[in-house]
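Enquirer: model the structure of this input:
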Amino acid sequence: MFNEKAFNTKHTYILGVSGGPDSMFLLDKMRCLGFNFVVAHVNYHKRTESNHDEKLVKKYCQKWNLPFFVCQVQPSEYSLVKNFQDWARKKRYNFFQQLAQQKQIKYIVVAHHLDDHLETYYWQKKRKSLVEHWGLAPKTRWQNKKKIIYILRPPSA
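Expert: Reported below is the predicted structural model:
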């Protein structure tokens with residue numbers, strides 16, 4: 001369940017939106033509740049639906065006059081990558097971080113679903129990781145070049 005009390009209307013957020021149901025729900029919920037945010041989308045051009053997802057997010061942002069930023073990733077960038085998911089995650093968060101620095105924003109919000117949480121938990125257990133939080137942490141602190149950015153993952157609906 002989305003908890004709007006975890007957010008502050010005085011802050012501006014970067015909202016990572018893939019075009020999937022979880023991120024579109026989060027986008028709509030944050031807009032309806034009046035939060036300030038910019039929308040960030042990454043198009044990896046990996047799936048046949050990739051361009052459709054980008055158009056969906058862009059159209060929503062245009063309809064509601066929301067700032068929209070997209071990172072276009074060309075297949076040649078990851079053609080030799082062995083672990084695409086890990087590479088894509090780093091690419092995505094680097095884009096979010098660059099946008100955060102450019103816009104002077106210190107909060108990044110991303111949606112997830114239960115499978116993401118369970119998968120993270122599974123790999124943590126399998127690797128016998130020593131972690132502060134099992135599964136996806138609702139808030140992660142990320143520091144780079146003396147700038148602190150927080151990644152927020154509100155519970156899925």
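Enquirer: helices of the chain, residue ranges please.
Expert: 21-32, 50-63, 84-103, 114-126 (DSSP state H).
Enquirer: residues of stretch 96-105 that come out buried?
Expert: Under the neighbour-count criterion of 16 or more other C-beta atoms under 10 Å, stretch 96-105 has 96, 97, 99, 100, 105 buried. The C-beta positions use only the backbone N, C-alpha and C, and glycine is treated the same way.
Enquirer: which residues does stretch 15-23 contact?
Expert: Residues outside stretch 15-23 that contact it (C-beta atoms under 8 Å, 6 or more residues apart in numbering): 24, 26-27, 30, 37-42, 52-54, 56-57, 92, 96, 108-113, 156-157.
Enquirer: ok, stretch 75-90 next?
Expert: 42, 44, 45, 46, 73, 91.
Enquirer: okay, now the unreliable bits of the chain?
Expert: Judged by pLDDT under 70, the chain has its weakly predicted residues at 1-3, 5, 112-139, 141-146, 155-157.
Enquirer: just the CA atoms of the longest strand belonging to the chain, as CSV, please.
Expert: The strand that spans the most residues within the chain, counting by DSSP state E, is strand 36-43. What follows is strand 36-43 as a C-alpha-only set of coordinates in CSV (Å, rounded to 0.1, in the frame of the first residue of the first chain):
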residue,chain,number,x,y,z
ASN,A,36,6.6,17.7,-7.1
PHE,A,37,8.7,15.4,-9.3
VAL,A,38,10.3,14.9,-12.7
VAL,A,39,9.9,11.7,-14.6
ALA,A,40,12.9,9.7,-15.7
HIS,A,41,12.6,6.8,-18.2
VAL,A,42,15.3,4.5,-19.6
ASN,A,43,14.7,2.9,-23.0
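Enquirer: and that strand, what does it pack onto?
Expert: Strand 36-43 sits against strand 12-16, helix 50-63, strand 68-72, helix 84-103, with contacts defined as 3 or more C-beta pairs under 8 Å, 6 or more residues apart in numbering; DSSP states H and E.
Enquirer: these: which one's closest to residue 151?
Expert: Residue 151 lies closest, by C-beta to C-beta, to one member of these: helix 84-103, at 7.6 Å.
Enquirer: CA atoms only for that closest one - export them in CSV, please.
Expert: Written as CSV, here are the backbone C-alpha positions of helix 84-103 (Å, rounded to 0.1, in the frame of the first residue of the first chain):
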residue,chain,number,x,y,z
PHE,A,84,22.4,-7.5,-18.6
GLN,A,85,20.2,-7.0,-15.5
ASP,A,86,23.2,-5.9,-13.4
TRP,A,87,24.5,-3.7,-16.1
ALA,A,88,21.1,-2.2,-16.8
ARG,A,89,20.6,-1.4,-13.1
LYS,A,90,23.9,0.5,-13.0
LYS,A,91,23.1,2.3,-16.2
ARG,A,92,19.6,3.3,-14.9
TYR,A,93,20.8,4.5,-11.5
ASN,A,94,23.7,6.5,-13.1
PHE,A,95,21.2,8.3,-15.3
PHE,A,96,19.0,9.0,-12.2
GLN,A,97,22.0,10.3,-10.3
GLN,A,98,23.1,12.5,-13.2
LEU,A,99,19.6,13.9,-13.4
ALA,A,100,19.5,14.4,-9.7
GLN,A,101,22.7,16.4,-9.7
GLN,A,102,21.6,18.5,-12.7
LYS,A,103,18.2,19.3,-11.1
